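Asker: Have a look; sequence and predicted model below, questions after that.
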Amino acid sequence: MYYPVLDEELPGRKNLALGMYVHVPFCSTTCDFCAFYQEKPSKKRMEDYFLGLQAEILRFPPHRSISTIFIGGGTPGLLKSAELQRLCSLLRSLDLSQNVEWSVEIAPSEITPEKLSVLKQNGVNRISLGVQTFDSKYMEALGRKHPVQKTFDAYKEIRNIGFRSVNLDLIFGAPGQSIEDWEKDLKQAVALQPDHLSTYCLTFEEDTAMYLRLSNGKASIDSEREAAFYELAWEYLPAHGYNQYEVSNFARLGGACKHNLNTWAMNEWMGYGPSACSQVGGIRRKNLPDIEKWSAGMLGTKLPEFVEVEKLSASDLARDAILFGLRMNAGINLLEIGQRFALSPACFMEVVRFLDRLVEEGLAHGEAGNQYRLSSSGRILADAVAKEIPELDG
């Protein structure tokens with residue numbers, strides 16, 4: 001199995017931003033829509049996790065300064081204050097850039113002043129609060145068991161501790177939710193004045209309770225209804241000071257998530273923890289989604305096992321840069337992508353023909369200098385557009 005030597009020098013690598021993703025897989029309950037790897041916490045699993053994480057960082061350390069950190073899950077906020085301190089201390093031992101963006105996902109029900117103080121004192125400067133909805137009718141369907149008031153209390157605590165960058169995650173499209181219900185959620189979110197808003201359409205991932213409901217006919221997918229939800233957010237949030245910069249993401253001035261921008265630009269990131277993904281040194285790989293096996297592998301003397309290991313060509317990276325770049329409101333500069341990834345003239349022209357066809361169909365706008373961006377109707381079909389991007393051979 002091929003695994004990268006992480007300090008090998010590839011062209012331009014020193015100039016790429018380096019992100020870090022840390023997966024904390026613990027959850028007390030499983031949300032009906034969630035397909036991320038998670039486990040209920042226990043003393044043994046928690047110790048396995050921390051020993052494995054420390055071993056993984058020692059075996060595969062970042063070889064240049066880390067630009068962004070994102071701790072996700074699972075529910076990282078489920079960790080106790082002492083466990084959060086242990087996690088933060090481990091990460092602080094690394095070379096962090098002076099202006100590192102350090103985000104942590106937290107569910108409202110897990111927030112305490114003590115936990116927030118630990119995060120703040122260790123340098124965490126961005127909180128992503130998993131709100132999902134402010135409507136009690138849909139709380140249980142979206143995996144939120146706490147009272148709605150807890151969300152407001154949690155947000156107040158976050159601001160009181162002194163965090164100045166806060167994201168709210170919202171999900172739309174719950175069974176029975178109306179467009180009016182969605183507008184109320186948006187109004188509630190804007191009233192709190194967060195710095196960033198992420199709005200995701202409910203998806204029916206395999207091996208989830210929501211997928212089972214879909215299979216049993218107790219839920220349905222309505223693409224026209226989903227489009228209406230998207231379009232309302234695209235109109236409402238910019239009108240209230242939140243500029244859309246990606247299909248599902250909105251921010252006030254200076255509030256865009258640097259970690260996501262780094263990922264979408266096909267820079268490099270290192271993933272730590274069970275099921276975490278990395279893209280470093282021309283290799284994309286995924287850790288085992290099993291705490292015990294992942295931890296044992298990292299603590300062992302042999303090369304640990306990975307679920308997926310893919311050697312990426314420059315053309316692979318170029319295609320992904322186009323795919324994710326088209327989801328951005330600013331779009332892509334195809335000439336810059338072609339130069340960065342050394343696309344052959346034949347591949348470059350194949351992409352030009354594809355993008356020009358999108359323009360002809362009204363799904364994209366073409367501008368001077370090989371600049372392309374999706375139109376509103378194109379962004380609604382962003383997933384379908386991504387599937388049509390031609391494969392690039394060199």
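Answerer: Received it, and whenever you're ready, just let me know what you need.
Asker: what's the next secondary structure element after the lowest-mean-pLDDT helix or strand in the chain?
Answerer: In the chain, the helix or strand scored least confidently by mean pLDDT, DSSP states H and E is helix 209-215, which has a mean of 49. Beyond helix 209-215 on the C-terminal side, the first helix or strand identified by DSSP states H and E is helix 223-239.
Asker: so where's this structure shaky on pLDDT?
Answerer: Applying pLDDT under 70 to the chain flags residues 1-15, 28-37, 143, 204-222, 394.
Asker: Quick check: can you list the domain ranges of it?
Answerer: Using automatic domain parsing, the domain parsing of the chain gives 13-263, 314-388.
Asker: Looking at the ones you listed, which is nearest to residue 299?
Answerer: Taking C-beta to C-beta as the measure, these were each checked against residue 299, and domain 13-263 came out nearest at 4.8 Å. Yep, even glycine has a C-beta here, placed from its N, CA and C like the rest.
Asker: And stretch 113-125, how far out from the chain middle?
Answerer: Between the centre of stretch 113-125 and the centre of its chain there are 21 Å (C-alpha atoms, centre = their mean, to the nearest Å).
Asker: what's in contact with it?
Answerer: Stretch 113-125 is contacted by residues 77, 79-81, 84-85, 88-89, 92, 96, 100-104, 106, 127, 157-158, 160-165 when judged by C-beta atoms under 8 Å, 6 or more residues apart in numbering.
Asker: and with 7 Å instead?
Answerer: 77, 81, 84-85, 88, 92, 101-102, 104, 157-158, 161-163, 165 (C-beta atoms under 7 Å, 6 or more residues apart in numbering).
Asker: Can you tell me which of those residues are buried?
Answerer: 77, 84, 85, 88, 101, 102, 104, 157, 158, 161, 163, 165 (16 or more other C-beta atoms under 10 Å).
Asker: Turn those residues into JSON lines, columns for distance to residue 364 and secondary structure.
Answerer: Rendered in JSON lines, the data for these read as follows (distance: C-beta to C-beta, whole Å; DSSP: H, G, I helix; E, B strand; the rest coil):
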{"residue": "77", "distance to residue 364": "40", "secondary structure": "helix"}
{"residue": "84", "distance to residue 364": "44", "secondary structure": "helix"}
{"residue": "85", "distance to residue 364": "48", "secondary structure": "helix"}
{"residue": "88", "distance to residue 364": "43", "secondary structure": "helix"}
{"residue": "101", "distance to residue 364": "30", "secondary structure": "strand"}
{"residue": "102", "distance to residue 364": "35", "secondary structure": "strand"}
{"residue": "104", "distance to residue 364": "36", "secondary structure": "strand"}
{"residue": "157", "distance to residue 364": "43", "secondary structure": "helix"}
{"residue": "158", "distance to residue 364": "39", "secondary structure": "helix"}
{"residue": "161", "distance to residue 364": "43", "secondary structure": "helix"}
{"residue": "163", "distance to residue 364": "38", "secondary structure": "coil"}
{"residue": "165", "distance to residue 364": "32", "secondary structure": "coil"}
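Asker: Tell me the one among the residues you listed nearest to residue 327.
Answerer: residue 101 (20.0 Å).
Asker: for stretch 244-253, which positions count as buried?
Answerer: For stretch 244-253, the buried set under the neighbour-count rule, 16+ other C-beta under 10 Å, comprises 244, 245, 246, 247, 248, 249, 250, 251, 252.
Asker: ok, residues contacting that stretch?
Answerer: 195-200, 234, 237-238, 241-243, 256-257, 260, 327-329, 379, 382.
Asker: please redo it, this time with the cut-off set to 8 Å
Answerer: With contact meaning C-beta under 8 Å, 6+ apart, stretch 244-253 is reached by 195-201, 230, 233-234, 237-238, 241-243, 256-257, 260, 264, 327-330, 379, 382.
Asker: Make a ChimeraX selection of the buried ones in the residues you listed.
Answerer: Here is the ChimeraX command that picks out the buried ones among the contacts of stretch 244-253, judged by 16+ other C-beta under 10 Å:
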select :195,196,197,198,199,201,230,233,234,237,242,256,257,260,264,327,328,329,379,382
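Asker: Run through the residues that contact residue 95.
Answerer: The contact partners of residue 95, by C-beta under 8 Å, 6+ apart, come to 62, 64, 65, 66.
Asker: Just the residues you listed: which are in helices?
Answerer: For those, not one is inside helices, with DSSP state H as the criterion.
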